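> Provided below are the primary sequence and the corresponding predicted coordinates.
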Amino acid sequence: MVLGDAAGEGNTIAFNGGAGVAVKPTSIATVDFPAGKFVTAAVRRNSIYSNGGLGIDLNGEGVTPNDAGDPDAFPFANNSQNFPIITSVATGPALGTANIQGTLNSKPNTAYTLDFFTSAACDPSGNGEGARLFGSAGVNTDAIKELLDKRRETQPIGEWSCGSVFTNPQGDHAARLIEASGLKGFRIGGASVSEKHANFIINHGEASAADIEALIQRVQKTVAEKQGVQLQTEVRVVGEPA
């Protein structure tokens, strides 16, 4: 086997009963590979096809799901690197070229090189092999986009709310206290505690100011009784309830 990621240093990897290439995790930190500084293994430019398992299998567990921000580290193989999601492929302006669009959710503000491969047929699993190297491209992840993606996953973006309702008490989080008090989804009239983030109150379209203020008071009362913490509001109530 030829090791390296330069042009001409790829291998043909085919007809294995399992994965084409299996990158196993390490469980022991050494002087050469201390925890948090595990040297990753570059597996690039190979022709991988007709194997019984994945083309490249990290950790020997089959498809490793992507996770937001790609926080995995030692001792996972190649830090359980997220894979890119291709959303479209179109013929490019010149012969033998293509316009490829997609996303890579990984560590923010980091440079990556993506290798693109073609095969005679798509793999039914959606995570197949790559028989022929088509080309490579460098990409940089965007810290702002990663932050916005995380907000969309953890906060009720797109629903009517006034943002965070309560300030976080010292050493704790209002959302945790509210959720621990069993109030996620609790509703008064047209207002409810968000199912996604408990420190948001959602207006379902017909909530009155009285509904929202009553819900705030109910949350404060319940958290005080069950958690022994008096939540303070971050929002300001102006005027009289309708």
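Now that the structure is in, tell me what you want to look at. Residues are numbered from 1 along each chain as shown.

> which stretches of this protein form strands?
For the chain, the strands defined by DSSP state E cover 12-14, 21-23, 47-49, 56-58, 85-91, 98-103, 111-118, 132-140, 161-164, 187-188, 191-193, 200-203.

> for the ones you listed, which one sits closest to Ala41?
Evaluated with Cβ to Cβ, the strands of the chain place strand 21-23 nearest to Ala41, the distance being 5.5 Å. Heads up, the C-betas are built off the backbone N, CA and C, glycines and all.

> and for the closest one, what are the contacting residues?
13, 41, 43, 46, 48, 53, 55-60, 77-78 (Cβ atoms under 8 Å, 6 or more residues apart in numbering).

> each with direction, which strands does that strand pair with?
Strand pairing for strand 21-23, determined by DSSP bridges: strand 56-58 (parallel).

> relative to the whole chain's centre, how far out is the strand it pairs with?
19 Å (Cα atoms, centre = their mean, to the nearest Å).

> now do stretch 53-65
Per Cα atoms, centre = their mean, the centroid offset for stretch 53-65 relative to its chain is 18 Å.

> list the buried residues for it?
Within stretch 53-65, the residues scored as buried using 16 or more other Cβ atoms under 10 Å are Gly53, Leu54, Gly55, Ile56, Asp57, Leu58, Asn59, Thr64.

> report the contact partners of the nearest residue to Asp172 once chain neighbours are set aside.
Closest residue to Asp172 apart from its sequence neighbours, by Cβ to Cβ, 6 or more residues apart in numbering: Val229 at 7.2 Å. Residues near Val229 by Cβ under 8 Å, 6+ apart: Pro169, Asp172, Leu177, Val223.

> which among the residues you listed count as buried?
Among the contacts of Val229, the ones that count as buried by 16+ other Cβ under 10 Å are Leu177, Val223.

> can you add distance to Gly126 and give the strands of the chain back as TSV?
Output for these, formatted as TSV (distance: least, Cβ to Cβ, whole Å):
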stretch	distance to Gly126
strand 12-14	20
strand 21-23	19
strand 47-49	16
strand 56-58	15
strand 85-91	10
strand 98-103	13
strand 111-118	14
strand 132-140	18
strand 161-164	35
strand 187-188	39
strand 191-193	37
strand 200-203	34
